[in-house]
Each structure stands twice: as C-alpha cells, then as structure tokens.
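Colleague: Predicted model and sequence follow; I will ask about them next.
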Amino acid sequence: MRSYFISDLHLDETRPAVTRAFLHYLEQWAGHCDALYILGDFFEVWVGDDDDASLAQTIISALKRFSTSGSALYIMHGNRDFLLGDSFCQQTGATLLPDPILIDLYGQPTLLMHGDSLCTRDTEYMTFRQQARSADWQQQLLSQPLAARRALAAQLREQSQSMNALKADDIMDVTPAEVEQIMRQHQSLRLIHGHTHRPERHPMDIDGQTAERIVLGDWCNKAWILEAQPQGLSLQSFAL
C-alpha cells in the first residue's frame, strides 16, 4: 500500500528532461501504487482542453495508461493550469480535486492544497487569482482561438516572471496564520501542498497538538516525490 504526491512539474516542451523523468516514474508506478496525486502546476501553462500540442497529447496518453492500470489518478488546479477541465479528465481518467480537499490517507485526515491561496501577503497575485478562478473570466478566455490563448499565456508568464523578480522571498511564501487557520477549519493536523518551490517538512503545534506541513518541490534540477504508506511519509528527491 502506497500513494505518491507530486506538484510543480511545469511540463513544457522546452524542458524535455522533466517530461522524460515524469514518464519514467509514471510507468514504474502504474498498477503498483494505490494512487497518484498531482497537486497543481503540472503544466507550465494550459490553454484549454482543446490544446493539440504534441506534449499535451503525449502526457494525456501516458496518464490514460496509468489510470487504466488499476492505480487511481487525482489532479488539482495550480496557478499555471487552472483551465484543466472535464475533457482532460475524461481523456486521462483523472479525478479533478477541489482546492482544498480533506482526504483519508491511510487512516489519517490529510489536507491537500496547491498552496497558492496560502500566500496571502502577495496581494497582487491574490487579486489575479480571484480573477483567474472566475468562471466568467475563464469562459471568455476559452472562447478565444487557440493561437490567441497561447499568445496571452506567454505574455502573462513573462509578466509574472518580471513581477516575481522584484518581490521579497517572504511575500511569495505561505502566511503562517493562514496555514493554521485552514488546518483548524478542516480539523486536520497534516497539510500537503506545493506552489512555493520550497520542499520541506515543517513540524507544527496547533492548539497543543503535534501537526505537520509538507511542502512538495518543483521539478527543476530534481524530481521531488512524496511517498505515503500506512507507516508514514517520505519526501524524496532524485536527479533528473
């Protein structure tokens, strides 16, 4: 019995090593684990389920093989791929998870999030997030031709990189009070999330109880994988 958690792969045609590594692990895990949870920013950008790019089609086919192997597949929106929709899930056999969601992980209530909503000190991003998660805004975007969506995505990505370069590190990290509030709200002493690209296991104390926040790493120079078994968790990294 084991499940795997990953996030922030930022799959992109310009980063073939990450794609190769993911496909390698996916093949190893297929039929040999209970579930794979992908907690957002799986793609560097997702312009809609009608994307006909070769990378998208390769990943969809691989995920479908995984989900038909007997292992469950779960995916969550990130701040880069919030346009993943029902068609993608139907093609891959994935279940789209709400953010946040409380699951039973081998007997322990565990809260899963992408993590961007925890970064409340980044007020500029939080304003954009509210807009980007609007159904009306998304529908307006998806009504545009595929080429126009790709151009807009490239523009937004460039703007984001420029803005982030000027922000202090602590602004782009989680707000501790927000973390405690969401864990209390869901009555969970364990939180797993990504987004910040700061992989670590953080012991916590919530109202006198021992708790933990586990941060998944981004797939840049390493592949970060959280392995969960009934006896515990293991945050691992492997060279790409």
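Modeller: Ah, there it is.
Colleague: the bottom helix or strand of the chain by mean pLDDT?
Modeller: Considering only helices and strands, the least confidently modelled element of the chain by mean pLDDT, DSSP states H and E is helix 146-164, at a mean of 77.
Colleague: How far does that helix sit from its chain's centre?
Modeller: With C-alpha atoms, centre = their mean, to the nearest Å as the basis, helix 146-164 stands 19 Å off its chain's centre.
Colleague: Tell me which residues touch the residue most central in space within the chain, please.
Modeller: The residue at the geometric middle of the chain, judged as the C-alpha nearest the mean C-alpha position with C-alpha atoms, centre = their mean, is Gly40 (1.7 Å). With contact set as C-beta atoms under 8 Å, 6 or more residues apart in numbering, Gly40 has these partners: 7-8, 76-81, 99, 114-116, 194-195. For the C-beta atoms, the positions are set from N, CA and C on the backbone; glycine is no exception.
Colleague: which one of those residues sits closest to Pro176?
Modeller: Of all the contacts of Gly40, Pro176 sits closest to Gly115, with 13.2 Å by C-beta to C-beta.
Colleague: just checking, the closest one touches Val174?
Modeller: Yes - in this structure Gly115 lies within contact range of Val174 using C-beta atoms under 8 Å: 6.7 Å.
Colleague: ok, Gln57 - how many residues close by?
Modeller: As a burial measure, Gln57 scores 12 neighbours (other C-beta atoms under 10 Å).
Colleague: Outside of the strand or helix carrying it itself, list whatever touches it.
Modeller: Using DSSP states H and E, the element containing Gln57 is helix 54-67. Helix 54-67 is contacted by residues 11-13, 19, 22-23, 26-27, 29-30, 36, 43, 73, 88, 91-94 when judged by C-beta under 8 Å, 6+ apart.
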